[in-house]
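Asker: Quick one, fold the following:
(chains A and B)
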2 protein chains.
Amino acid sequence: MHVLVPFDARQPKSRLADVLDDGERQTFARAMLADVLDAIEETGHEPTVLSTAQVDCRASVTVDERPLTTAVNDALDERALPVGVVMSDLALATADTLDALFGTAGDVVIAPGLGGGTNALVVRHAEFEVDYHGTSVRDHREAATAVGANLQVVDSYRLGVDIDDPTDLVEVLLHNDRTATTWLDDAGFRLETREGRATIARTGTESDGT
Amino acid sequence: MHVLVPFDARQPKSRLADVLDDGERQTFARAMLADVLDAIEETGHEPTVLSTAQVDCRASVTVDERPLTTAVNDALDERALPVGVVMSDLALATADTLDALFGTAGDVVIAPGLGGGTNALVVRHAEFEVDYHGTSVRDHREAATAVGANLQVVDSYRLGVDIDDPTDLVEVLLHNDRTATTWLDDAGFRLETREGRATIARTGTESDGT
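Answerer: As a prediction, the model looks like this:
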């Protein structure tokens, strides 16, 4: 199936501003995008990046400057169903977890994310429309019911943890073994373990130009 | 199989102190415990609460005042394997997700939690010992390798999200439909939706004694 991967090429990952500067957020967001595209390609499905601006990556790119919900709904209308929608910050996603998502029967299949988001979904019902505002996992349940679509929920940690906040970087370091973790390592991020959940620390990094 | 459910009956959920007072944390922790015990019982397996002090609940209780790691390792030694260990704050756990855990083959089966924790596991190897200090999901991988135990990881959002921090209460309200959500509702907690992840708000509650 076609798999849309929405990507904000302009102001990506603004909630990481406390730990990464503008340029770093740009390159880190692209590292996560690369990992997500790799995982989708390993499943044998075909990703298309739905981006707010041109972005250099290994998949085909459709540029749409409009808000996420509008862009995704129009992209769904233009394509033969089923269509998958997988967020570009799912740095923990693997081919196995995506296969489980794509292989789950249902008119609408949802992978809930932290804080009520919809991190990934599969749409097989022509009347279903996405709405990423607010608590989308709840709204998508209601939207599926409203159009008579059968809804299934996939229970996946790797699809449920999106990388938005500084605490989420812990999850990348623990569970991603690709580009995103290499990037964080190179940028000086390390796990810190105290009581409770692990946190991140950043050590000074120098580029000495040699 | 026997399923141990460690529970801190004395100072439960201290990281919720910003939003719940001492007595509230006690009752909320017991509400989550009740939900976890219900889910385990629905799987047909037999829970035993491993508690730091006597606690009133519907399962059998073993009181052990020692630190978590010591108490769990001794309890593992005393029982015929396999033994499950499921944390008492997995308010999103359901019988289905626990069945998937208990049914996964492997000498050691782990459900990773947010921030590097080990939220649930199954032990079928006599030499494997738990260590809940630090980044336990990483340490448990190494411990399994060290004793030659085959390790499997279960990918589950419902087992991965434990309820430790105030932001986690959002997950209870969204995904738990049992005692814990009823308790939060009664205590005045509501979802707030802005940009990004949903948050919680608490409305004034009055007990008028009538």
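Asker: In CSV, list the C-alpha atoms belonging to the lengthiest helix in chain A.
Answerer: Taking DSSP state H as the criterion, chain A has its longest helix at helix A:22-42. What follows is helix A:22-42, C-alpha atoms only, in CSV (Å, rounded to 0.1, in the frame of the first residue of the first chain):
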residue,chain,number,x,y,z
ASP,A,22,17.3,25.3,15.0
GLY,A,23,19.8,23.6,12.8
GLU,A,24,20.1,20.6,15.1
ARG,A,25,16.4,20.1,15.1
GLN,A,26,16.4,20.1,11.3
THR,A,27,19.1,17.5,11.0
PHE,A,28,17.7,15.3,13.8
ALA,A,29,14.2,15.4,12.3
ARG,A,30,15.7,14.3,9.0
ALA,A,31,17.6,11.5,10.8
MET,A,32,14.3,10.2,12.3
LEU,A,33,12.6,10.5,8.9
ALA,A,34,15.4,8.4,7.3
ASP,A,35,14.9,5.7,9.9
VAL,A,36,11.1,5.7,9.4
LEU,A,37,11.5,5.5,5.6
ASP,A,38,14.0,2.6,6.0
ALA,A,39,11.6,0.7,8.2
ILE,A,40,8.7,1.2,5.8
GLU,A,41,10.8,0.2,2.8
GLU,A,42,11.8,-3.0,4.6
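Asker: Could you list the residues in contact with it?
Answerer: Outside helix A:22-42, the residues that touch it by C-beta atoms under 8 Å, 6 or more residues apart in numbering or on different chains are A:3, A:5, A:7-8, A:12-14, A:16-17, A:20, A:46-47, A:49, A:55-59, A:86-91, A:93-95, A:97-98, A:163, A:172, A:176, A:178-180, A:182-184, A:187. Where C-beta positions appear, they are placed from N, C-alpha and C, glycine not excepted.
Asker: Drop anything exposed from these.
Answerer: A:3, A:5, A:7-8, A:12-13, A:16, A:20, A:47, A:49, A:55, A:57, A:59, A:86-91, A:93-94, A:97-98, A:163, A:172, A:176, A:178-180, A:183-184, A:187 (16 or more other C-beta atoms under 10 Å in any protein chain shown).
Asker: Tell me who's in contact with the most centrally placed residue in chain A.
Answerer: Nearest to the centroid of the C-alpha atoms of chain A, with distances taken as C-alpha atoms, centre = their mean, sits residue A:87, at 2.5 Å. Shown in contact with residue A:87 (C-beta under 8 Å, 6+ apart): A:5-6, A:36, A:113, A:117, A:119-120, A:162.
Asker: in chain A, which spans are strands?
Answerer: Ranges of strands in chain A, per DSSP state E, are A:2-7, A:46-51, A:60-63, A:83-86, A:108-113, A:117-123, A:151-153, A:189-192, A:199-202.
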